[in-house]
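> based on what follows, work out the 3D shape:
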Amino acid sequence: MDWNRWYSLKSYLKTSLWTVPLIAVAIYAVVKPLTEMLGRWMIGQRILDPKTGLLGLSMTGARSLVGDVVSADLAFLVFTFGSLLVAIQVAGGQYTPRIIATTLLRDNVIRGISGLFVFTLLFANRTLGWMGENEVHQFQVFIAALFGFASVVAFLFLIDYAAKSLRPVSLVARVGELGIEVIESVYPTPTTGRIARPRLDQKRGEPTRTIRHRGKSGIVLAVNLDRLVAKARRTNSVIEFAPQVGDFLAVDEPLFYLYGSSDAIDENRLRTLVAFGTERTMEQDPMFAFRILVDIALKALSAAINDPTTAVLAIDQLQRLLRVVGKRSLYNEEIVDSSGRVCVIFRTPNWEDFVHISFREIRQCGAGSIQIARRQRAAIENLIQCLPEHRHDALRAELTLLDRTIDAKYIFSEDLALARIPDSQGLGGSDTSTAKQPTPF
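From the prediction side, this is the model:
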C-alpha cells in the first residue's frame, strides 16, 4: 500500500467511532469460547459446583440476571451514541465544527467504553441463549454479571466525563495539548536567534522539473519527509515541496519543484508521499491548532453567542502555544541528510504568521470588550517578557495596533483607562497598583 493511502486509512480509523466496537467483537469471538472451555474444565475438576456456582443462582435467577445485563447494555449503547450525536451538533454550533474530528471523534475514552458495552452485550446474549432448560452455566453467568457491573460503572463515568469534557475550558485545553505536540514535532530544535529566510529562487535558479498535482483536489495533510530525503539523496537532487501543509491544492497546481539530477525520479511515486484530505488535521500542521482556538474565540465573540469569557479561555491557550513556538527555530526550510547536503526544501509557518493569527482577528472582533482588550495586552506583555529579543518586534506591533483599536473603540476616558490595563483574567485579576496607566488627556 502506498504511504499516502496508508496515512489516510490510519487517520480515518483514528476518527471513526465504529473501530473500537469492531475490535470488541473480535475479542468476544476469542474470549467467549475460552471462558466456556474454562467453565467446563472447572466443573470437571470439581472446582465449581454446577448447581450453585459462584453466585448460587437458580435457572430463573440466572436468566433474569443475564437478561437484565443484555437490556442494560443495549440501553447504554443507544443512549451513548444518541447523546454523542447531540453533543457533536451542540459543540460544532457553539464552538467550531473543526473540533469534531480533532477532539470528539478521537476520544479514546468514549470509544473504549462503547467497545465495553458491545462486548458485554454480545457475551451476555450468548450466555442467555446457551443455557438449556436444566443447566445453568454458572461460570458464564458470573462473568456476564462482572461485565454487566463494569458496564454500569463505565456508563456513570461516561456521563460525568462527557459533561466535563464538553466544557469550553476542557475543549480549548485539549486543543492546546495537541498543538504543543505538533509544534515540538515540526520544530524540534530551540531557537538560536534571528535567521534570515533564504531566497531559494535566486539561490538555486529555475527548477529542472515541475511535478503537478493529479487526481482530486484536496488539502495537504502530511508529507513523508524521511522518504523524500532518501529519494533526493539517492538521485543527488534537491526536492522542493511547493505548498505548505494545510494548503488547498487544486488539480494541476505545482506539487514539487526538482533541482539537479531529477530524471531518475518517478513522479508518480513522489506523489504517493503526500497525503490529501477534505479537512485539515494537526499531525504536521501546527497552524491548525491556532486556527481552531481563534475560531472558538470568534464564535464566542459573535453577536449570537456573546460569550467573551470563552474567548478569554482561548487566548489563554494561544498564549501558551506562542510561548512554546516562540522558543523554537522556525526558519529551517532546508532539510539536510547525514552528510549535511541539502535534500528537501519544506516550508512551514514563521513567527509572524503565528502572531498574526493569534491576535489580529480576535482584536478586530473583540476589542470592544474590555475583557478581550485587557487579556490580549496581558498575553502580549507576558510573551515579550519570556521570549527572546528577536521575537519582540511582531509582538510590539500587535500591542501598537491594540492601543490604536482601543482609542477608536472607547469614548469615555474611564473605559479607555480600564481597557489599557493588562489582566490575565480578562477583567478582575489585575494589580492596578503596578499596571500601566494611560497618559491623561
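
> the longest helix in this protein is where?
helix 59-94 (DSSP state H).

> and that helix, which residues are buried?
62-63, 65-66, 69-70, 72-73, 76-77, 80-81, 84, 87-88, 91, 94 (16 or more other C-beta atoms under 10 Å). Any C-beta I mention is one placed from the backbone N, CA and C, and that applies to glycine too.

> and if you look at stretch 127-143?
127-128, 131, 136-143.

> nearest to L104, of those?
Lowest distance from L104 to the buried residues of stretch 127-143 (C-beta to C-beta) belongs to I143, with 32.3 Å.

> pretty sure that closest one sits in a strand.
No - the assignment for I143, made by DSSP: H, G, I helix; E, B strand; the rest coil, is helix rather than a strand.

> picking up where we left off before, by pLDDT, give me the weakest of the buried residues of stretch 127-143.
pLDDT across the buried residues of stretch 127-143 is lowest for V136, at 67.

> grab the most central residue of the chain for me.
T102 (3.9 Å; C-alpha atoms, centre = their mean).

> what distance do you get for that residue to S11?
Distance, T102 to S11, using C-beta to C-beta, to the nearest Å: 11 Å.

> okay, and the common contacts of the two?
Contact criterion C-beta atoms under 8 Å, 6 or more residues apart in numbering; residues shared by T102 and S11: T281.

> follow-up on the earlier one: turn the buried residues of stretch 127-143 into TSV, including secondary structure and distance to R328.
Formatted as TSV, the buried residues of stretch 127-143 follow (DSSP: H, G, I helix; E, B strand; the rest coil; distance: C-beta to C-beta, whole Å):
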residue	secondary structure	distance to R328
T127	helix	56
L128	helix	58
M131	coil	62
V136	coil	64
H137	coil	60
Q138	helix	61
F139	helix	57
Q140	helix	56
V141	helix	58
F142	helix	55
I143	helix	51
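
> what segments of this structure are strands?
209-212, 218-223, 237-241, 248-249, 254-260, 274-277, 334-336, 342-346 (DSSP state E).

> quick one, the last one and strand 218-223 angle?
Here strand 342-346 points in a direction 140 degrees away from that of strand 218-223 (axes from the mean of the first three to the mean of the last three C-alpha atoms, to 10 degrees).

> contacts for strand 342-346 next, please.
Residues contacting strand 342-346 (C-beta under 8 Å, 6+ apart): 200, 223, 225, 228-229, 232-233, 238-241, 257, 333-337.

> partner strands of it, parallel or antiparallel?
In the sheet, strand 342-346 lines up against strand 237-241 (parallel), strand 334-336 (antiparallel) (DSSP bridges).

> any idea how far it is from the chain center?
27 Å (C-alpha atoms, centre = their mean, to the nearest Å).

> do the third one as well
Averaging C-alpha positions (C-alpha atoms, centre = their mean) puts strand 237-241 30 Å from its chain's average.

> do the second one as well
Distance of strand 218-223 from the chain centroid (C-alpha atoms, centre = their mean) equals 16 Å.

> tell me the strands beside it, with direction?
Partners of strand 218-223 in its sheet, by DSSP bridges: strand 248-249 (antiparallel), strand 274-277 (antiparallel).

> do the same with the fifth one
Next to strand 254-260 in the sheet, as set by DSSP bridges, lie strand 209-212 (antiparallel), strand 237-241 (antiparallel).

> any buried residues in stretch 211-226, and which?
211, 213, 218-225.

> and the residues you listed, which is closest to W18?
Closest to W18, out of all of these and judged by C-beta to C-beta, is L221, at 21.5 Å.

> that closest one contacts T278, correct?
No - counting by C-beta atoms under 8 Å, L221 does not reach T278; the two are 9.5 Å apart.

> test my guess that G429 contacts P422.
No - using C-beta under 8 Å as the test, G429 is too far from P422 to be in contact (9.7 Å).

> these two: who's more crowded?
P422 (21 against 12; other C-beta atoms under 10 Å).

> next one: the more buried one, what pLDDT does it get?
92.

> can you check S262 too?
Reading off the model, S262 has pLDDT 76.

> could I get the contacting residues of it?
208-209, 235, 237.

> do K299 as well
K299 touches 94-96, 305, counting by C-beta under 8 Å, 6+ apart.

> lowest-confidence one in those?
Q94 (76).

> what sits against it?
Here Q94 is in contact with 299, 305 (criterion: C-beta under 8 Å, 6+ apart).

> how close does it sit to Y28?
37 Å.

> do the same with L146
According to C-beta to C-beta, L146 and Y28 sit 14 Å apart.

> these two: which is more packed in?
Remark: of L146 and Y28, Y28 carries more neighbours, 18 against 14, as counted by other C-beta under 10 Å.

> was I right about that one contacting L122?
Yes - contact status for Y28 versus L122: in contact at 4.6 Å, counting by C-beta under 8 Å.

> what residues are shared contacts of the two?
Counting by C-beta under 8 Å, 6+ apart, nothing touches both Y28 and L122.

> D252 and F276: what is the separation?
Note on D252: its distance to F276, by C-beta to C-beta, is 14 Å.

> who has more neighbours, these two?
Taking other C-beta under 10 Å, D252 and F276 do not tie; F276 has more neighbours (19 against 10).

> quick check: closest non-adjacent residue to that one.
G218 (3.5 Å; C-beta to C-beta, 6 or more residues apart in numbering).

> pretty sure the one you found contacts D247?
No - judged on C-beta under 8 Å, G218 makes no contact with D247 at a distance of 10.0 Å.

> can you find the helix or strand of the chain with the lowest average pLDDT?
helix 200-204 (a mean of 51; mean pLDDT, DSSP states H and E).

> still on that earlier bit, packed most tightly, which of the strands paired with strand 254-260 would that be?
strand 237-241 (a mean of 23; mean count of other C-beta atoms under 10 Å).

> mean pLDDT lowest where, among the strands paired with strand 342-346?
Looking at the strands paired with strand 342-346, the lowest mean pLDDT belongs to strand 334-336 (a mean of 83).

> for that one, buried residues please.
Applying a neighbour-count criterion of 16+ other C-beta under 10 Å, one finds 334-335 buried in strand 334-336.

> any low-confidence regions in the stretch 101-250 of the chain?
For the stretch 101-250 of the chain, the stretches with pLDDT under 70 are 132-136, 194-204.

> what do you get if the cut-off is 90, keeping everything else the same?
Within the stretch 101-250 of the chain, the ranges that satisfy pLDDT under 90 run 101-111, 126-143, 161-171, 186, 188-209, 215, 232-237.

> can you give me the helices in it?
108-130, 138-165, 168-186, 200-204, 225-235 (DSSP state H, counting those that start in this stretch).

> in JSON lines, list the ones you listed along with distance to R396.
Below are the helices of the stretch 101-250 of the chain laid out as JSON lines (distance: least, C-beta to C-beta, whole Å):
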{"stretch": "helix 108-130", "distance to R396": "42"}
{"stretch": "helix 138-165", "distance to R396": "38"}
{"stretch": "helix 168-186", "distance to R396": "23"}
{"stretch": "helix 200-204", "distance to R396": "29"}
{"stretch": "helix 225-235", "distance to R396": "34"}
